[in-house]
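# just coords:
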Ligand SMILES: [Zn+2]
């Protein structure tokens, strides 16, 4: 490696460290940055100039000082770059606009039943277009549009062959690329929801995300990063929770997905989710027994995940807002099943509700940019 490339690498590395430090710890004076990063003040000044020219950093309000010149902290300009996440689910398209904060600046939810057709993706494209226009997003600062879909995906837009895909039957990224006229990034929804939890909510390093939607997926975070596995992992929906139980779409019996997905619940009750919870609240006895079984099975799954991973088990997806209202009941069941005591506060609800996976898909663009 020659000296020039080494110098360039050092410069880029210093820039990256400054951006990351401001991102992690908030505004700082040049002196504080210099001490924390062990860089000279002139070096910090040069890097500041470069980053400020890109609109990424600015001087904040001057700090109080007991005497002499008051120091002015450097801060990251969160709105300097924006990302969009698009959550594709069976019946809806959800959109989020996110800055570097990361703060969700805007959300939209549109009813649109999924189909793998060109027409479907053209409608999605139009929704994204409208979203950009309505939010007056300057496209020159848009880092990208990320899609989260209910399909197993290895990385980027590479879709793995899945023996029995649930909702995204016939999902072909090529159609998406054709419609969007360029490379797009598609990610697995549960994995994105989990990243949103860790990066968006500033969570601890390890956790397990259990995503309950029309299908069930999951993700495992270790050391702040997604556990990727060889091809797919955290397919919690196919954990067997009842021997010889209900038939799952995978062909096996007793899978969690056949009990705790929104689809399974709707099949059992014969009504849609909204009506189910309305009538449950009103005291419908048969819905009470359906819900009791739902919570029993879910508690078992949560208990088993906790035994394996010994981390918080975070529930997300379309069911999460409903489970939040019955979290005490779920925790009581989990506590009864815990062989090491009666704790169960390790099971909790994710922070971003139904927008979790779209948020994560947007955050991946932020992360690429920040690093
Ligand atoms: Zn199954």
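Structure received. On a predicted model such as this, the values are computed, not experimentally measured, just so you know. Residues are numbered from 1 along each chain as shown.

# let me see the mean pLDDT of stretch 87-106.
Per-residue pLDDT over stretch 87-106 has a mean of 91.

# show me what counts as buried in that stretch.
87-90, 93-100, 102, 104 (16 or more other Cβ atoms under 10 Å). Where you see a C-beta, it was placed from the backbone N, CA and C, and this is true even at glycine.

# okay if I get those residues as TSV plus secondary structure and distance to the ion?
Formatted as TSV, the buried residues of stretch 87-106 follow (DSSP: H, G, I helix; E, B strand; the rest coil; distance: Cβ to the ion, whole Å):
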residue	secondary structure	distance to the ion
87	strand	23
88	strand	21
89	coil	19
90	coil	17
93	strand	26
94	strand	26
95	strand	31
96	strand	30
97	strand	36
98	strand	33
99	strand	39
100	coil	39
102	coil	34
104	strand	33
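
# what's the farthest-apart pair in the residues you listed?
90 and 100 (31.4 Å; Cβ to Cβ).

# for residue 199, state which of the buried residues of stretch 87-106 is nearest.
Nearest member of the buried residues of stretch 87-106 to residue 199, counting by Cβ to Cβ, is residue 102, at 7.0 Å.

# wait, residue 93 sits on residue 84?
No: Residue 93 is not in contact with residue 84 according to Cβ atoms under 8 Å; the separation is 11.9 Å.

# the residue nearest to residue 324 when sequence neighbours are not counted pairs with what?
Nearest residue to residue 324 in three dimensions, chain neighbours excluded: residue 349, at 4.6 Å (Cβ to Cβ, 6 or more residues apart in numbering). Beta-bridge pairing of residue 349 under DSSP bridges involves residue 315.

# can you count the residues close to residue 349?
17 (other Cβ atoms under 10 Å).

# cool, and the one 3 residues further on?
The local packing count at residue 352 equals 20, with neighbours defined by other Cβ under 10 Å.

# please apply the same query to residue 263.
By other Cβ under 10 Å, neighbour count at residue 263 equals 19.

# ditto for residue 296
Residue 296, neighbours per other Cβ under 10 Å, totals 15.

# just checking, it touches residue 336?
No: taking contacts as Cβ under 8 Å, residue 296 lies outside contact range of residue 336: 10.1 Å.

# and the residue minimising distance to the centre of the chain, how far is that from the ion?
Nearest residue to the geometric centre of the chain (Cα atoms, centre = their mean): residue 193, 2.5 Å. Going from residue 193 to the ion by Cβ to the ion, to the nearest Å gives 20 Å.

# quickly find the element holding that residue.
Assigned by DSSP states H and E, residue 193 belongs to helix 189-195.
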